[in-house]
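J.: no sequence for this one, just the structure:
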(Lines give C-alpha, C1' and ligand atoms only; values in the text may rest on other atoms or scores of the structure.)
Protein backbone atom coordinates (compact mmCIF):
# COMPACT_ATOMS: atom_id res chain seq x y z
CA UNK A 1 0.00 0.00 0.00
CA UNK A 2 1.16 3.51 -0.76
CA UNK A 3 0.26 6.62 1.24
CA UNK A 4 -1.90 8.75 -1.04
CA UNK A 5 -3.36 11.42 1.21
CA UNK A 6 -1.77 14.17 3.26
CA UNK A 7 -2.85 14.51 6.86
CA UNK A 8 -5.77 16.82 7.43
CA UNK A 9 -5.21 16.82 11.19
CA UNK A 10 -2.08 16.58 13.30
CA UNK A 11 -1.65 16.94 17.06
CA UNK A 12 -5.40 17.44 17.31
CA UNK A 13 -5.29 20.49 15.04
CA UNK A 14 -6.43 21.06 11.44
CA UNK A 15 -3.58 21.20 8.94
CA UNK A 16 -2.94 24.35 6.93
CA UNK A 17 -0.45 24.32 4.07
CA UNK A 18 2.20 26.97 3.62
CA UNK A 19 2.16 28.28 1.00
CA UNK A 20 -1.63 27.86 1.02
CA UNK A 21 -3.86 27.60 -2.06
CA UNK A 22 -6.71 29.15 -0.06
CA UNK A 23 -6.12 32.82 0.93
CA UNK A 24 -9.07 32.83 3.35
CA UNK A 25 -7.79 29.79 5.23
CA UNK A 26 -4.32 31.30 5.39
CA UNK A 27 -5.69 34.62 6.64
CA UNK A 28 -7.53 32.94 9.52
CA UNK A 29 -4.48 30.82 10.40
CA UNK A 30 -2.19 33.84 10.43
CA UNK A 31 -4.51 35.49 12.95
CA UNK A 32 -4.16 32.53 15.33
CA UNK A 33 -1.06 30.46 14.43
CA UNK A 34 -1.44 28.23 17.48
CA UNK A 35 -4.83 26.90 16.31
CA UNK A 36 -3.49 24.95 13.31
CA UNK A 37 -0.76 22.52 12.37
CA UNK A 38 1.40 24.12 9.66
CA UNK A 39 2.66 22.04 6.72
CA UNK A 40 5.77 23.39 4.97
CA UNK A 41 6.54 21.75 1.64
CA UNK A 42 7.88 22.28 -1.83
CA UNK A 43 6.04 21.19 -4.97
CA UNK A 44 7.57 18.04 -6.45
CA UNK A 45 8.89 18.10 -10.02
CA UNK A 46 8.49 21.87 -10.28
CA UNK A 47 11.19 24.51 -10.37
CA UNK A 48 9.60 26.83 -7.87
CA UNK A 49 10.58 27.84 -4.35
CA UNK A 50 13.10 25.74 -2.47
CA UNK A 51 12.41 24.50 1.03
CA UNK A 52 14.79 27.14 2.40
CA UNK A 53 12.89 29.89 0.60
CA UNK A 54 9.59 28.56 1.91
CA UNK A 55 10.89 28.46 5.48
CA UNK A 56 12.19 32.03 5.21
CA UNK A 57 8.84 33.17 3.84
CA UNK A 58 7.01 31.32 6.61
CA UNK A 59 9.09 33.01 9.29
CA UNK A 60 8.43 36.39 7.67
CA UNK A 61 4.65 35.94 7.55
CA UNK A 62 3.78 33.72 10.53
CA UNK A 63 4.33 34.42 14.20
CA UNK A 64 6.43 31.28 14.70
CA UNK A 65 6.61 31.91 18.44
CA UNK A 66 2.95 30.86 18.61
CA UNK A 67 3.26 27.72 16.46
CA UNK A 68 2.67 24.51 18.41
CA UNK A 69 2.53 21.93 15.58
CA UNK A 70 4.64 21.74 12.44
CA UNK A 71 4.74 19.29 9.52
CA UNK A 72 7.77 19.21 7.25
CA UNK A 73 6.59 17.68 4.01
CA UNK A 74 8.20 17.30 0.60
CA UNK A 75 11.58 19.05 0.48
CA UNK A 76 12.63 18.12 -3.06
CA UNK A 77 13.07 15.25 -5.49
CA UNK A 78 13.14 11.70 -4.14
CA UNK A 79 16.47 9.90 -4.62
CA UNK A 80 18.18 13.29 -4.92
CA UNK A 81 17.40 15.60 -2.02
CA UNK A 82 18.05 14.27 1.47
CA UNK A 83 16.50 15.38 4.73
CA UNK A 84 19.76 16.82 6.02
CA UNK A 85 19.28 20.31 4.59
CA UNK A 86 15.69 20.83 5.86
CA UNK A 87 16.75 19.34 9.18
CA UNK A 88 19.63 21.78 9.52
CA UNK A 89 17.55 24.74 8.36
CA UNK A 90 14.93 23.94 11.00
CA UNK A 91 17.54 23.48 13.71
CA UNK A 92 19.10 26.84 12.82
CA UNK A 93 15.73 28.50 13.47
CA UNK A 94 14.79 26.46 16.54
CA UNK A 95 14.79 29.50 18.80
CA UNK A 96 12.01 30.99 16.65
CA UNK A 97 9.71 28.10 17.70
CA UNK A 98 9.63 28.21 21.53
CA UNK A 99 6.06 26.84 21.67
CA UNK A 100 6.59 23.91 19.27
CA UNK A 101 5.33 20.68 20.82
CA UNK A 102 4.55 18.43 17.82
CA UNK A 103 6.75 17.81 14.77
CA UNK A 104 6.20 15.51 11.77
CA UNK A 105 9.37 15.22 9.70
CA UNK A 106 8.98 13.76 6.22
CA UNK A 107 5.26 13.73 5.47
CA UNK A 108 5.55 12.70 1.82
CA UNK A 109 2.72 11.06 -0.13
CA UNK A 110 3.15 8.75 -3.10
CA UNK A 111 3.07 11.44 -5.81
CA UNK A 112 6.06 13.02 -4.05
CA UNK A 113 7.91 9.84 -3.07
CA UNK A 114 7.12 6.28 -2.07
CA UNK A 115 7.77 5.79 1.62
CA UNK A 116 10.95 3.81 0.95
CA UNK A 117 12.28 6.43 -1.48
CA UNK A 118 12.32 9.23 1.09
CA UNK A 119 15.95 10.13 1.75
CA UNK A 120 16.09 10.52 5.52
CA UNK A 121 18.95 11.42 7.87
CA UNK A 122 19.98 11.40 11.53
CA UNK A 123 16.96 12.86 13.33
CA UNK A 124 18.42 12.94 16.84
CA UNK A 125 19.67 16.54 16.35
CA UNK A 126 16.06 17.62 15.86
CA UNK A 127 15.14 16.25 19.28
CA UNK A 128 18.14 17.97 20.79
CA UNK A 129 17.16 21.29 19.16
CA UNK A 130 13.61 21.12 20.52
CA UNK A 131 13.88 19.97 24.15
CA UNK A 132 10.21 20.79 24.83
CA UNK A 133 8.91 18.66 21.99
CA UNK A 134 6.19 16.26 23.12
CA UNK A 135 5.40 14.47 19.84
CA UNK A 136 7.74 13.45 17.04
CA UNK A 137 6.81 11.55 13.87
CA UNK A 138 9.30 10.63 11.17
CA UNK A 139 8.49 8.95 7.84
CA UNK A 140 11.00 7.10 5.68
CA UNK A 141 13.68 4.55 6.54
CA UNK A 142 16.28 5.05 3.79
CA UNK A 143 19.23 6.78 5.43
CA UNK A 144 17.34 7.14 8.70
CA UNK A 145 19.48 7.28 11.82
CA UNK A 146 18.33 7.45 15.41
CA UNK A 147 21.30 7.05 17.72
CA UNK A 148 20.49 6.58 21.39
CA UNK A 149 19.51 9.94 22.80
CA UNK A 150 17.85 11.48 25.81
CA UNK A 151 14.75 13.64 25.73
CA UNK A 152 12.89 14.45 28.90
CA UNK A 153 9.65 15.82 27.42
CA UNK A 154 8.83 13.49 24.51
CA UNK A 155 5.51 11.72 25.09
CA UNK A 156 4.76 10.31 21.61
CA UNK A 157 7.25 8.83 19.12
CA UNK A 158 6.27 7.32 15.75
CA UNK A 159 8.65 5.92 13.13
CA UNK A 160 6.95 5.07 9.82
CA UNK A 161 8.97 3.05 7.31
CA UNK A 162 8.68 0.43 4.61
CA UNK A 163 11.90 -1.03 6.01
CA UNK A 164 13.19 -0.24 9.50
CA UNK A 165 16.94 -0.78 9.92
CA UNK A 166 18.02 -2.69 13.02
CA UNK A 167 20.33 0.16 13.99
CA UNK A 168 17.37 2.56 14.19
CA UNK A 169 15.36 0.15 16.33
CA UNK A 170 18.34 -0.36 18.60
CA UNK A 171 18.86 3.39 18.95
CA UNK A 172 15.22 4.09 19.74
CA UNK A 173 15.07 1.37 22.36
CA UNK A 174 18.37 2.45 23.93
CA UNK A 175 17.20 6.06 24.24
CA UNK A 176 16.22 7.62 27.55
CA UNK A 177 12.64 8.79 27.08
CA UNK A 178 11.19 8.83 30.59
CA UNK A 179 8.00 10.71 29.62
CA UNK A 180 7.17 8.45 26.65
CA UNK A 181 3.54 7.30 26.66
CA UNK A 182 3.10 6.20 23.04
CA UNK A 183 5.61 4.36 20.83
CA UNK A 184 4.82 3.26 17.28
CA UNK A 185 7.22 1.48 14.94
CA UNK A 186 6.57 0.40 11.32
CA UNK A 187 9.01 -2.41 10.45
CA UNK A 188 8.57 -3.18 6.73
CA UNK A 189 10.59 -5.75 4.81
CA UNK A 190 14.27 -6.47 4.20
CA UNK A 191 14.02 -5.57 0.47
CA UNK A 192 13.58 -1.95 1.60
CA UNK A 193 16.08 -2.05 4.44
CA UNK A 194 13.94 -3.65 7.12
CA UNK A 195 16.60 -5.59 9.00
CA UNK A 196 14.83 -5.41 12.38
CA UNK A 197 13.82 -8.80 13.82
CA UNK A 198 11.63 -9.74 16.76
CA UNK A 199 14.69 -10.44 18.89
CA UNK A 200 15.77 -6.80 18.51
CA UNK A 201 12.67 -5.76 20.47
CA UNK A 202 13.82 -7.54 23.64
CA UNK A 203 14.57 -4.35 25.65
CA UNK A 204 11.14 -2.95 24.82
CA UNK A 205 9.33 -6.19 25.57
CA UNK A 206 11.08 -6.33 28.94
CA UNK A 207 9.75 -2.84 29.62
CA UNK A 208 13.17 -1.25 29.98
CA UNK A 209 13.38 2.55 29.96
CA UNK A 210 9.68 3.23 29.29
CA UNK A 211 8.06 3.56 32.73
CA UNK A 212 5.13 5.62 31.41
CA UNK A 213 4.40 3.69 28.22
CA UNK A 214 0.67 3.09 27.87
CA UNK A 215 0.16 2.86 24.09
CA UNK A 216 2.24 0.64 21.83
CA UNK A 217 2.07 0.21 18.06
CA UNK A 218 4.17 -2.59 16.56
CA UNK A 219 3.12 -2.51 12.94
CA UNK A 220 3.83 -3.45 9.35
CA UNK A 221 6.05 -6.49 9.89
CA UNK A 222 6.27 -9.77 7.94
CA UNK A 223 6.59 -11.65 11.25
CA UNK A 224 3.35 -10.76 12.97
CA UNK A 225 2.77 -14.27 14.35
CA UNK A 226 6.21 -14.35 15.98
CA UNK A 227 5.63 -10.86 17.32
CA UNK A 228 2.42 -11.93 19.04
CA UNK A 229 4.17 -14.94 20.56
CA UNK A 230 6.87 -12.64 21.96
CA UNK A 231 4.28 -10.22 23.32
CA UNK A 232 2.32 -12.97 25.05
CA UNK A 233 4.88 -13.21 27.84
CA UNK A 234 6.25 -9.68 27.69
CA UNK A 235 6.42 -7.64 30.91
CA UNK A 236 5.74 -4.45 28.94
CA UNK A 237 2.10 -5.51 28.47
CA UNK A 238 1.59 -5.19 32.21
CA UNK A 239 1.52 -1.41 31.72
CA UNK A 240 0.35 -1.03 28.11
CA UNK A 241 -3.35 -0.31 27.80
CA UNK A 242 -3.62 0.18 24.01
CA UNK A 243 -1.91 -2.20 21.56
CA UNK A 244 -1.91 -1.63 17.79
CA UNK A 245 -0.89 -4.61 15.65
CA UNK A 246 -2.12 -3.19 12.34
CA UNK A 247 -0.53 -3.87 8.94
CA UNK A 248 1.36 -6.99 10.08
CA UNK A 249 1.39 -10.39 8.42
CA UNK A 250 -0.80 -11.84 11.16
CA UNK A 251 -2.44 -15.20 10.48
CA UNK A 252 -4.59 -17.59 12.48
CA UNK A 253 -1.46 -18.96 14.16
CA UNK A 254 -0.93 -15.57 15.79
CA UNK A 255 -4.65 -15.18 16.31
CA UNK A 256 -4.69 -18.33 18.43
CA UNK A 257 -2.06 -16.81 20.70
CA UNK A 258 -4.08 -13.62 21.01
CA UNK A 259 -7.15 -15.65 21.93
CA UNK A 260 -5.48 -17.82 24.57
CA UNK A 261 -2.69 -15.79 26.22
CA UNK A 262 -3.86 -14.04 29.42
CA UNK A 263 -1.63 -11.02 28.72
CA UNK A 264 -3.98 -9.71 26.02
CA UNK A 265 -7.08 -9.85 28.21
CA UNK A 266 -5.85 -6.97 30.36
CA UNK A 267 -5.72 -4.55 27.43
CA UNK A 268 -8.25 -1.77 27.18
CA UNK A 269 -8.00 -1.59 23.39
CA UNK A 270 -6.56 -3.84 20.68
CA UNK A 271 -6.39 -2.58 17.09
CA UNK A 272 -5.73 -4.93 14.18
CA UNK A 273 -6.36 -3.18 10.86
CA UNK A 274 -5.07 -5.10 7.82
CA UNK A 275 -4.45 -8.75 8.72
CA UNK A 276 -4.72 -12.29 7.39
CA UNK A 277 -7.02 -13.72 10.05
CA UNK A 278 -9.91 -15.83 8.85
CA UNK A 279 -13.47 -14.82 9.60
CA UNK A 280 -13.71 -17.72 12.04
CA UNK A 281 -10.64 -16.47 13.92
CA UNK A 282 -12.07 -12.96 14.06
CA UNK A 283 -15.14 -14.37 15.79
CA UNK A 284 -12.95 -16.42 18.10
CA UNK A 285 -11.06 -13.30 19.15
CA UNK A 286 -14.24 -11.37 19.82
CA UNK A 287 -15.45 -14.19 22.07
CA UNK A 288 -12.08 -14.62 23.80
CA UNK A 289 -11.54 -10.92 24.57
CA UNK A 290 -14.94 -9.67 25.77
CA UNK A 291 -13.49 -6.98 28.02
CA UNK A 292 -11.22 -5.53 25.34
CA UNK A 293 -12.26 -2.80 22.89
CA UNK A 294 -11.33 -4.85 19.83
CA UNK A 295 -11.00 -3.20 16.41
CA UNK A 296 -10.67 -5.73 13.58
CA UNK A 297 -10.83 -4.55 9.97
CA UNK A 298 -9.45 -5.02 6.46
CA UNK A 299 -9.09 -8.80 6.24
CA UNK A 300 -6.63 -9.64 3.45
CA UNK A 301 -6.00 -12.73 1.34
CA UNK A 302 -2.47 -13.93 0.51
CA UNK A 303 -1.17 -13.78 -3.04
CA UNK A 304 -0.68 -16.98 -5.02
CA UNK A 305 2.72 -17.75 -6.53
CA UNK A 306 4.87 -20.73 -7.50
CA UNK A 307 8.27 -21.65 -6.13
CA UNK A 308 11.28 -22.85 -8.13
CA UNK A 309 9.96 -26.38 -8.54
CA UNK A 310 6.55 -25.21 -9.69
CA UNK A 311 4.71 -25.79 -6.43
CA UNK A 312 1.98 -23.27 -5.70
CA UNK A 313 2.66 -21.21 -2.59
CA UNK A 314 0.90 -18.49 -0.64
CA UNK A 315 2.73 -15.17 -0.24
CA UNK A 316 1.99 -12.69 2.53
CA UNK A 317 3.04 -9.04 2.61
CA UNK A 318 2.77 -6.38 5.29
CA UNK A 319 0.70 -3.39 4.26
CA UNK A 320 3.34 -0.70 3.64
CA UNK A 321 6.58 -1.58 1.87
CA UNK A 322 7.68 0.45 -1.17
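T.: Great, that's in hand. These figures come from a predicted structure and were not determined experimentally.

J.: how about the helices in the stretch 101-250 of the chain?
T.: Per DSSP state H, counting those that start in this stretch, the stretch 101-250 of the chain carries helices over the ranges 124-129, 166-174, 202-205, 224-232.

J.: Out of these, which gets nearest to residue 240?
T.: For the helices of the stretch 101-250 of the chain, proximity to residue 240 was assessed by C-beta to C-beta; helix 224-232 is nearest, at 9.2 Å. From N, CA and C alone the C-beta is placed, and that goes for glycine too.

J.: Can you tell me what sits against that closest one?
T.: When contacts are defined by C-beta atoms under 8 Å, 6 or more residues apart in numbering, helix 224-232 is touched by residues 198, 201, 205, 218, 221, 237, 243, 245, 248-251, 253-254, 257-258, 261, 263-264, 275, 318.

J.: rerun at 6 Å
T.: With contacts defined as C-beta atoms under 6 Å, 6 or more residues apart in numbering, helix 224-232 is touched by 198, 205, 218, 248-251, 253-254, 257-258, 261, 263.

J.: Write the ChimeraX selection for whichever of these are buried.
T.: Applied in ChimeraX, the following selects the buried portion of the contacts of helix 224-232 according to 16 or more other C-beta atoms under 10 Å:
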select :198,205,218,248,249,250,251,254,257,258,261,263
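
J.: Tell me which of the contacts of helix 224-232 fall in strands.
T.: residue 218 (DSSP state E).

J.: Out of the contacts of helix 224-232, which is nearest to residue 192?
T.: The closest of those, once distances to residue 192 are taken by C-beta to C-beta, is residue 249, at 14.9 Å.

J.: Check the gap between the closest one and residue 136 for me.
T.: For residue 249, the distance to residue 136 under the criterion C-beta to C-beta, to the nearest Å works out to 27 Å.

J.: Low-confidence regions, the chain specifically.
T.: 1, 44-47, 78-79 (pLDDT under 70).

J.: For it, which segments are assigned as strands?
T.: So, for the chain - with DSSP E - the strands run 9-10, 13-18, 37-40, 69-72, 102-105, 135-139, 156-160, 182-186, 215-219, 242-244, 269-275, 293-299, 303-306, 312-315.

J.: Please tell me how far the closest residue to residue 211 other than its chain neighbours sits from residue 70.
T.: If the residues on either side of it in the chain are set aside, residue 211 comes closest to residue 178, at 6.5 Å by C-beta to C-beta, 6 or more residues apart in numbering. As for residue 178, its distance to residue 70 is 24 Å (criterion: C-beta to C-beta).

J.: Many thanks, we can stop here.
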